[in-house]
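1. Below: sequence and its predicted model.
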Amino acid sequence: MSEAAAALKWGVERRLEFIEFRLFWEGGVNRSDIIAMFDVSVPQASKDLTLYQERAPQNAVYDKSAKRYVASPQFSPIFLKPDPDGYLSRLRSLAEGLADPGDSWIATPPETDIALTPRRKVDGDVLKAVLQAVRENRSIEVYYQSMGSRRTDPIWRRMTPHAFGYDGFRWHVRAYCHIDEKYKDFLLPRILGVRHMAAPGPGGDQDALWKKTFDIEIGPHPGLTPSQRAVVAKDYGMTNERAVLSVRYAMLFYVLKRLGLLGDASQQNPRTQHIVALNAHETERALRRADFEFGEVEQTPKKVGDA
């Protein structure tokens, strides 16, 4: 935190961050914006604007015609670090209906749409109970519907949950399964009921696949042109056409699947598959070690292609 942002009460600092957010992303802010967002009085909103000018005198100038403060050419943020990912996350939350427009800080969001995926319904009572089991380090019986061939009907099974995972489409709980005596991933929507908390089994500290990580080395697809490889490298934050993703072994399958790296990426069309795994052989070995399971079904990983 800069000296200008130091020694402020949380509520005041939050409002100054809002002023700076509006100045940076939308070019300006006025007193009514602060009043509407934080439900403060007119005098308080005026004090906030005055305080901001005192702390950052070069950042804002008053535009009489627009009746608002606008960002000056010398604008340099001191209360927040402008974060494109943060802004786009707010925009995405608005598009998905997960955030109220009044809470996003975005005054005039652009028209936005997203590639829809069916929302996976999770029972609130189930989630509450699993969270309690994690929080209190206890085991819990769950009525779980597997998609495997061994157990085609739902059964009660005891698990000791310790963490949650999200693959971009669905949530699962990472837990020790007392029936199979190993750590597994249980999809939350497939937990149909919960009952009977009891003493825990092995905890998360013994889940080696959750604790240990593997480094996936990625690079641009070799079939791209030099300029295309350069923009892919920029897109993924690569240095010398190489980036490293440190991934839990327990999440490796999901990450590779989402990145299109489960198969031989170098043999796929570079117009649609822009990256490859540079350490393909090591990644394949790591994937085999991980022994991924969704409840009952063991995933047999496809070979990861050579870069």
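-> That came in fine, so what should we check first? Numbering: from 1, shown residues only.

2. mind listing the strands for the stretch 1-150 of the chain?
-> 28-29, 60-63, 68-71, 139-144 (DSSP state E, counting those that start in this stretch).

3. In TSV: these, plus mean neighbour count and mean pLDDT.
-> For glycine as for every other residue, the C-beta is placed from the backbone atoms N, C-alpha and C. As requested, the strands of the stretch 1-150 of the chain are exported to TSV (neighbours: other CB atoms under 10 Å; pLDDT from 0 to 100):
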stretch	mean neighbour count	mean pLDDT
strand 28-29	22	94
strand 60-63	16	93
strand 68-71	20	94
strand 139-144	22	96
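
4. so which of those comes closest to Ala133?
-> Evaluated over those, closeness to Ala133 peaks at strand 139-144, with 4.3 Å, by CB to CB.

5. per-domain residue ranges of the chain.
-> What automatic domain parsing lists as the domains of the chain is 3-82, 124-205, 212-298.

6. Could you dump the strands of the stretch 1-150 of the chain into CSV and include distance to Asp235?
-> Formatted as CSV, the strands of the stretch 1-150 of the chain follow (distance: least, CB to CB, whole Å):
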stretch, distance to Asp235
strand 28-29, 31
strand 60-63, 33
strand 68-71, 28
strand 139-144, 39
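
7. so Phe79 sits right up against Glu20, yeah?
-> Yes - using CB atoms under 8 Å as the test, Phe79 is close enough to Glu20 to be in contact (4.7 Å).

8. Show me which positions of the strand or helix carrying Ser246 end up buried.
-> Assessed by DSSP states H and E, Ser246 sits inside strand 243-248. Neighbour-count burial for strand 243-248, with 16 or more other CB atoms under 10 Å as criterion, is recorded at Ala243, Leu245, Val247, Arg248.

9. How many neighbouring residues does the residue nearest to the second one when sequence neighbours are not counted have?
-> Here the nearest residue to Leu245 in space, its sequence neighbours aside, is Ile216; by CB to CB, 6 or more residues apart in numbering that works out to 4.5 Å. Counted with other CB atoms under 10 Å, residues neighbouring Ile216 total 24.

10. For Ile216, what are phi and psi?
-> Here is the backbone geometry of Ile216 (degrees, to the nearest 10): phi -90, psi 120.

11. residues touching it, list them.
-> Residues near Ile216 by CB atoms under 8 Å, 6 or more residues apart in numbering: Val244, Leu245, Val247, Leu252, Val255, Leu256, Leu261, Ala277, Asn279, Thr283.

12. which stretches of the stretch 51-200 of the chain form helices?
-> 84-95, 124-136 (DSSP state H, counting those that start in this stretch).

13. and the gap between Ala198 and Glu217?
-> 44 Å (CB to CB, to the nearest Å).

14. quick one on the thing from earlier: right, and the strands of the stretch 1-150 of the chain - which one's nearest Cys177?
-> strand 139-144 (9.4 Å).

15. Pull the residues that contact the closest one.
-> By CB under 8 Å, 6+ apart, strand 139-144 touches 126, 129-130, 133, 154-161, 178, 186, 190-201, 295.

16. if you set the cut-off to 7 Å instead, what comes out?
-> If you take CB atoms under 7 Å, 6 or more residues apart in numbering as the criterion, strand 139-144 is touched by 129-130, 133, 154-160, 178, 186, 190-201, 295.

17. of those residues, buried ones?
-> Applying 16+ other CB under 10 Å to these flags 129-130, 133, 157-160, 178, 186, 190-191, 194, 200-201, 295 as buried.

18. which pair in those spans the largest distance?
-> Maximum distance among these (CB to CB): 21.8 Å, for Arg190 and Pro200.

19. Ok, which of the domains of the chain comes nearest Ser89?
-> domain 3-82 (12.9 Å).

20. closest one to Leu98 among the domains of the chain?
-> domain 124-205 (13.9 Å).

21. related to what we said a few turns ago, so which of the strands of the stretch 1-150 of the chain comes closest to Ile114?
-> Comparing these by CB to CB, strand 28-29 comes nearest, at 27.7 Å.
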